[in-house]
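> 3D, please:
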Amino acid sequence: MNIYVLLKRTFDTEEKITLSSGKIQEDGAEFIINPYDEYAVEEAIQVRDNHGGGEVTVITVGGEEAQEQLRKALAMGADKAVLINTEDDLEASDQFTTAKILAHYLQDKNPDLILAGNVAIDGGSGQVGPRVAEMLDIPYVTTITDLEIEGTTAKIVRDVEGDSEVIEVSLPLLVTAQQGLNDPRYPSLPGIMKAKKKPLEELELDDLDLDEDDVEPKTKTIEVFLPAQKEAGKILQGELEDQVKELVHLLRTEAKVM
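Numbers count the residues shown, from 1 in each chain. Sure, this is the predicted structure:
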């Protein structure tokens, strides 16, 4: 099977985000594979191995630094990696930009299956995967928690609010991975060593016959800010009756909910 995984480099989940001049500071920060994308990588490897072979290619759009996350995916067991480096080409981008670039790259690759994370933990929009599928004119199913492929048919279980649903759909297909789909493996030492020899192709927009106007973002970031710091809670003292009176007073004057 010809399998592709859409991968994103994101801040470590434990990283403390700081801003300077309205921009997120990346200097010294730790980055990882977006956790939902790790489920996608693992599922791609399992599908390949369970169906007698094929090839898993991980692909990302970003800067040179994303090679580290691509190498980790190769160490997990992916066969090839592709970095579409937009560092010098784009001043701004959004989900449309990323999806347009990915779809343009994939349009002549004849993928049987494309996997992506359900959402990225930084933006959380969940748009890129479905946008790619729409641009390629193939079916897609989001938030999947189980995937079985037999021939050219996939049987999928997906998360819906408070329940799950079962869907059958034909390949080619794009799915987005939800927590619970699998348990992503840790790269082994042999896997890390093999990853150094696996192909990692680096492309730019010119290589795809795209220019900046073709992928101009549809949205514009007006402001970036951190949530307001929460104030420490108050502990009321004294007799119960006095505490109730004080609570009512605070709800009226400070919380303004009464």
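> Quote the end-to-end distance of stretch 169-183.
Taking Cα to Cα, to the nearest Å, the first and last residues of stretch 169-183 lie 24 Å apart.
> for the record, mean pLDDT for it?
Mean pLDDT, computed over stretch 169-183, is 96.
> likewise stretch 53-67?
Confidence over stretch 53-67, taken as the mean pLDDT, stands at 94.
> Could I get the buried residue list for it?
Taking 16 or more other Cβ atoms under 10 Å as the neighbour-count basis, stretch 53-67 is seen to contain the buried residues Val56, Thr57, Val58, Ile59, Thr60, Val61, Gly62, Ala66, Gln67. In short, each C-beta sits where N, CA and C put it, glycine included.
> So what touches the host helix or strand of the last one?
For Gln67, the element it lies in under DSSP states H and E is helix 67-76. Residues from elsewhere that reach helix 67-76 (Cβ atoms under 8 Å, 6 or more residues apart in numbering): 5, 7, 9, 31-33, 38, 41-42, 45, 58, 60, 80-83, 184-185, 187-188, 191-192, 194-196, 198, 200, 202.
> And for stretch 189-204?
Outside stretch 189-204, the residues touching it (Cβ under 8 Å, 6+ apart) are 67, 70-72, 74-86, 88-89, 105, 187.
> coming back round to it: and the next helix or strand past the helix holding Gln67?
The C-terminal neighbour of helix 67-76 among helices and strands, as given by DSSP H and E, is strand 80-85.
> Tell me what angle that following strand forms with helix 67-76.
Comparing the axes of strand 80-85 and helix 67-76 via axes from the mean of the first three to the mean of the last three Cα atoms, to 10 degrees yields an angle of 170 degrees.
> Alpha carbons of strand 80-85, as PDB, please.
Taking Å, rounded to 0.1, in the frame of the first residue of the first chain, the C-alpha atoms of strand 80-85 are listed here in PDB:
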ATOM      1  CA  LYS A  80      10.700   7.800   3.700                       C
ATOM      2  CA  ALA A  81      10.300  11.500   4.700                       C
ATOM      3  CA  VAL A  82       9.600  14.600   2.800                       C
ATOM      4  CA  LEU A  83      10.200  18.200   4.000                       C
ATOM      5  CA  ILE A  84       8.600  21.000   2.000                       C
ATOM      6  CA  ASN A  85      10.700  23.900   3.200                       C
END
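> Paired strands for it, with orientation please.
Strand 80-85 has its sheet partners listed here by DSSP bridges as strand 55-62 (parallel), strand 200-203 (parallel).
> now for the ones you listed, which one comes closest to Glu254?
Shortest distance between Glu254 and the strands paired with strand 80-85, using Cβ to Cβ, is found for strand 55-62: 44.9 Å.
> follow-up on the earlier one: residues of the helix holding Gln67 that come out buried?
Residues Gln67, Gln69, Leu70, Arg71, Lys72, Ala73, Leu74, Ala75, Met76 are the ones in helix 67-76 that count as buried (16+ other Cβ under 10 Å).
> Next, the distance between the ends of stretch 80-91.
Counting by Cα to Cα, you get 28 Å between the two ends of stretch 80-91.
> Low-confidence stretches in the protein?
Residues of the chain that meet the criterion pLDDT under 70 lie in 21-22.
> which helices and strands does the lengthiest helix in it pack with?
Of all segments of type helix in the chain, defined using DSSP state H, the longest is helix 35-50. Packed against helix 35-50 by the contact rule (3 or more Cβ pairs under 8 Å, 6 or more residues apart in numbering; DSSP states H and E) you find strand 2-6, strand 55-62, helix 67-76, strand 113-117, strand 140-150, strand 173-177.
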